[in-house]
Structure formats: C-alpha cells, structure tokens
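1. Okay, sequence plus prediction incoming.
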Amino acid sequence: MTSLRQLEYLVTVVDEGSFTRAAELLHVTQPALSHQIRVLEREAGGALLERLPRSVRLTPMGRAMLPHARAALADAERARCAARQASGLETGELQLATLYSISLGVLPKVLRAWRRRCEGVHIRLFEHRHAAELHAAMLAGQADLAIGPPPEAWSGPLWTLGEEEFVVIDPDATATGRVDLRSLADRSWVHFAPGHGLAEVLDQACAAAGFSPKAAVRTEQTAAAPILAAAGLGPTLVPSNILPPSFDGPVLRPDPPVTRPLAAYTRSSPDPLTSAFIETLLAEKSVV
C-alpha cells in the first residue's frame, strides 16, 4: 500500500532532480530511498522515473502521479496543522496561491484586515507569474485558496471579486486623463518577460488596438515596470492597484478601458479558517 512517505520521496527526488540530493534532504541513505521508489513503482505498475546520468526525468506514468502525490502531501500537512490547532499547540496557517501583481496590489489591504481579525494565523503565500501556473498549482493541492483570474471550467467553489483596472504609465504624457492605445503604436514599451501574465495582458490590449507593441526593455518584476516607465524608457501597462500612493509618474487610463476579472477559488468546500479569510477578502474587495 502506497504511503505518504513514499510519495514524499518521489516529490523530493523530482524537485531536487537527483537521488543523492534528495537522500541528503530527507536524511536517509540513497539505497533506502531507491528501494522505496522501486516499491512505489511496483505498486503503480511501472516506472515513474527515468534515471539519467546526471539527473532524473519523469516518465508519462510519473507525470500522471506527481500532481496527486503533491495534493496528498498538502492535504496531510493541512490535517496535521488542524490537529495541532485543535490541541492548542499552534494557531494555524493559511496557504494562499496568487499572482505576483495581486500580491502587490490587491492583497496588502486584505492581509492587513486579516491580521487585525486573526493575528495568530500565519499566511503562507505562493506567488506565480501566470494565471495558468496558478491554476495548475491549485489543482495540484499547493494552497487552501487561490486568488487570481478565474480559471475556465473550474469545478470547485468560486467567488467573484470584481474587475481589476489597468493604467498606462507614459513618461511623455503632459497631462493625466485617458489615452487611446493606438496613439502609442509607434512607441517602444516597458514590457514583461515571456511567460509573465502581464505580458499577455499588454499584448492582448495592444492587439485590440490594432498593433503589436515593440519592447524597449522586458522585466520579470511587476513592481519595476512603472518605475522604468517613469524613468523615461517608454510606456507600460500595469494594474492601477500596484501603484504606491507616493507614485508621481504620469498615469493615464486606456480608452476603451483595459480590465481583468479576479476571483477566489478552492478545490472543495472551504474549511472554517479559509471561509473566514474569504469573508475578509470579500469585505475588502473594493481594492480591486
């Protein structure tokens, strides 16, 4: 019968890319680790890992098992925390998965309100670059609650948070107000790195205006984009809620508006702790 320990061994080997490093991290001998993986493979009915000279690679069967292994380990950890909380040994931990831009813009006010409500409950954030990564991580059991663009065909509970508004930071603008993105078609933009969710938002907004944006610079850091734009490197498009109150760069609102829907979602009915956080999130959703 498959054990949680065997699933932990599999996940650790995959994450470390090496039996040797995994054995060191797990504080077991490499032969013992290899033996347990072989036992798991016999129970699964085939090879889960391909042993390469300098690394390991998941087989198709291993790729199918991995997300379920991660989910089982995450559920076991939540069960452990719940039991310890019930016994008074700890106050609990809530795990949230989100996007980098949302942790900058939406979450600070919500987390401040949550801190006032449940000071002893720790928050662990898992931040992702793209909504598809967030969706996959949530399916794999990474967190209790996800906050981001609503995934398509989500079968679990989902709470609508509203529309996130995007603004243009244009160093050449002489006044605030509205801007037609078509007027910026010939400019070079402060863009985002490939795979970053905001790169997709910018590309789609410009495509709707009839052009493909040229990149003057691409950044991985959401918070860096408005700073680079204000420094004169070109316009950029960012969620309005990531701008600090002290930001004094030229902020314009696209016409027509550029928005993105946001939602909170779980895999199943939320437990009382997650439900309490969702209540706080909905009460503070004016930040969206």
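-> Looks like it arrived, so ask away.

2. And the helices in the stretch 51-200 of the chain, which stretches?
-> Taking DSSP state H, counting those that start in this stretch as the criterion, the stretch 51-200 of the chain carries its helices at 60-86, 100-105, 107-117, 131-139, 197-208.

3. right, and those helices - which one's nearest residue 7?
-> helix 60-86 (4.1 Å; Cβ to Cβ). In short, each C-beta sits where N, CA and C put it, glycine included.

4. Could you check that closest one and say which residues are buried?
-> 62, 65, 66, 69, 70, 71, 72, 73, 74, 78, 81, 85 (16 or more other Cβ atoms under 10 Å).

5. likewise stretch 38-49?
-> 40, 41, 44, 48, 49.

6. what residues are up against the fourth one?
-> The contact partners of residue 48, by Cβ atoms under 8 Å, 6 or more residues apart in numbering, come to 10, 37, 40, 41, 58, 59, 61, 62, 65.

7. In the chain, where is pLDDT below threshold?
-> Scanning the chain with the threshold set as pLDDT under 70 gives 81-91, 285-288.

8. For it, which strand extends over the most residues?
-> In the chain, assigned by DSSP state E, the strand with the most residues is strand 158-169.

9. and the angle from that strand to helix 107-117?
-> 130 degrees (axes from the mean of the first three to the mean of the last three Cα atoms, to 10 degrees).

10. Alpha carbons of strand 158-169, in CSV - could you do that?
-> The C-alpha trace of strand 158-169 is given here as CSV (Å, rounded to 0.1, in the frame of the first residue of the first chain):
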residue,chain,number,x,y,z
LEU,A,158,-15.5,30.3,-6.9
TRP,A,159,-16.1,33.8,-5.5
THR,A,160,-16.1,36.8,-7.9
LEU,A,161,-14.1,39.7,-6.7
GLY,A,162,-14.7,42.2,-9.5
GLU,A,163,-12.6,43.8,-12.3
GLU,A,164,-9.0,44.9,-11.9
GLU,A,165,-8.3,48.1,-13.8
PHE,A,166,-5.1,48.7,-15.8
VAL,A,167,-3.5,52.0,-16.4
VAL,A,168,-0.8,53.3,-18.7
ILE,A,169,2.4,54.9,-17.3
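
11. Report the distance from it to the chain centre.
-> 16 Å (Cα atoms, centre = their mean, to the nearest Å).

12. got it, and stretch 167-177?
-> The answer for stretch 167-177 is 29 Å, by Cα atoms, centre = their mean.

13. just stretch 52-69 next, same as before
-> Counting by Cα atoms, centre = their mean, stretch 52-69 is centred 23 Å from the centre of its parent chain.

14. residues touching residue 201, list them.
-> Counting by Cβ under 8 Å, 6+ apart, residue 201 touches 166, 237, 258, 260.

15. Repeat that for residue 178.
-> 252, 253, 254, 255.

16. please redo it, this time with the cut-off set to 10 Å
-> With contact set as Cβ atoms under 10 Å, 6 or more residues apart in numbering, residue 178 has these partners: 168, 252, 253, 254, 255, 256, 257.

17. Would you format those as TSV with secondary structure, neighbour count and distance to residue 32 included?
-> Below are those laid out as TSV (DSSP: H, G, I helix; E, B strand; the rest coil; neighbours: other Cβ atoms under 10 Å; distance: Cβ to Cβ, whole Å):
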residue	secondary structure	neighbour count	distance to residue 32
168	strand	24	58
252	strand	20	62
253	strand	16	61
254	strand	20	59
255	coil	12	64
256	coil	12	62
257	coil	12	59
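
18. The longest strand of the chain vs helix 197-208, what angle?
-> Going by the same axes, to 10 degrees, strand 158-169 makes 70 degrees with helix 197-208.

19. Would you mark the buried spots in strand 158-169?
-> Neighbour counts using 16+ other Cβ under 10 Å place 159, 161, 164, 166, 167, 168, 169 of strand 158-169 among the buried residues.

20. go on, stretch 130-147?
-> Going by neighbour count (16+ other Cβ under 10 Å), the buried part of stretch 130-147 is 130-131, 133-135, 137-147.

21. related to what we said a few turns ago, in strands only, show me the buried residues of stretch 38-49.
-> Filtering the buried residues of stretch 38-49 for strands - DSSP E - leaves residue 49.

22. In the buried residues of stretch 38-49, find the pair that's most separated.
-> The widest separation within the buried residues of stretch 38-49 (Cβ to Cβ) is 10.8 Å, between 44 and 49.

23. and for the two, which residues touch both?
-> 10, 59, 61, 62.

24. Verify the stated contact: the first one with residue 36.
-> Spelled out, it's residue 10. Yes - counting by Cβ atoms under 10 Å, residue 10 does reach residue 36; the two are 8.8 Å apart.
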